[in-house]
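Chemist: Fold the following, please.
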Amino acid sequence: MLPADTAQFKDIRAEVDSLGKEIDAFMVEVRGNDKLQGIVRTPTTLNAKLRMASSYIYSNNEMPRESMDIVFNEAKAKVGDFITKVNTFMKDRWQPFEQMVKTSNLTPFKPYEPVSLD
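Modeler: Here you go, the predicted structure:
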């Protein structure tokens, strides 16, 4: 087991903190900032773009119009950009981190000591 005071453990811990911040940034891009209080509308979030496209689908009783195409294309572009960012993160940041953890002797388990009455 890797002791908590080793440089390798500290490197892994720092990388976990850094990756956590990047993942939090992804969530803000999807949902918006959860730390804001009150009613906050952020029309640029991924959820907002998808919600707008969805409302056009469910409220339209006619043939699609140009405005609907614009909304769908914005949503598609936003989803595409987000997928690209996630794939880049997984390739450039997560896979090296995964390798770092796999090559360390880091384990969440302590060595088992047999129990006895003596």
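
Chemist: moving C-terminal of the lowest-mean-pLDDT helix or strand in the chain, what's the next helix or strand?
Modeler: Using mean pLDDT, DSSP states H and E, the weakest-scoring helix or strand in the chain turns out to be helix 46-59, at a mean of 88. As assigned by DSSP states H and E, the chain's next helix or strand after helix 46-59 is helix 66-89.

Chemist: packing partners for that following helix?
Modeler: Under the contact criterion of 3 or more C-beta pairs under 8 Å, 6 or more residues apart in numbering; DSSP states H and E, helix 66-89 touches helix 7-31, helix 46-59. Every C-beta, even on glycine, is put in place using the N, C-alpha and C of the backbone.

Chemist: what residues does it touch?
Modeler: Around helix 66-89, the neighbours that count as contacts under C-beta atoms under 8 Å, 6 or more residues apart in numbering are 22, 26, 29-30, 46, 49-50, 52-53, 56, 60.

Chemist: for the residue nearest the centre of the chain, what are its contacts?
Modeler: What sits nearest the mean C-alpha location of the chain, by C-alpha atoms, centre = their mean, is Ile23, with 3.9 Å. Ile23 makes contact with no residue under the criterion C-beta under 8 Å, 6+ apart.

Chemist: re the thing from before, can I get the CA coordinates of the least confident helix or strand of the chain in CSV?
Modeler: What follows is helix 46-59, C-alpha atoms only, in CSV (Å, rounded to 0.1, in the frame of the first residue of the first chain):
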residue,chain,number,x,y,z
LEU,A,46,-26.3,22.8,-22.6
ASN,A,47,-29.5,22.2,-20.7
ALA,A,48,-31.0,25.5,-21.9
LYS,A,49,-30.2,24.8,-25.5
LEU,A,50,-31.7,21.3,-25.3
ARG,A,51,-34.8,22.6,-23.4
MET,A,52,-35.3,25.3,-26.1
ALA,A,53,-35.2,22.7,-28.9
SER,A,54,-37.5,20.4,-27.0
SER,A,55,-40.0,23.2,-26.5
TYR,A,56,-40.1,23.9,-30.2
ILE,A,57,-40.7,20.2,-30.9
TYR,A,58,-43.6,19.8,-28.4
SER,A,59,-45.3,23.2,-29.1
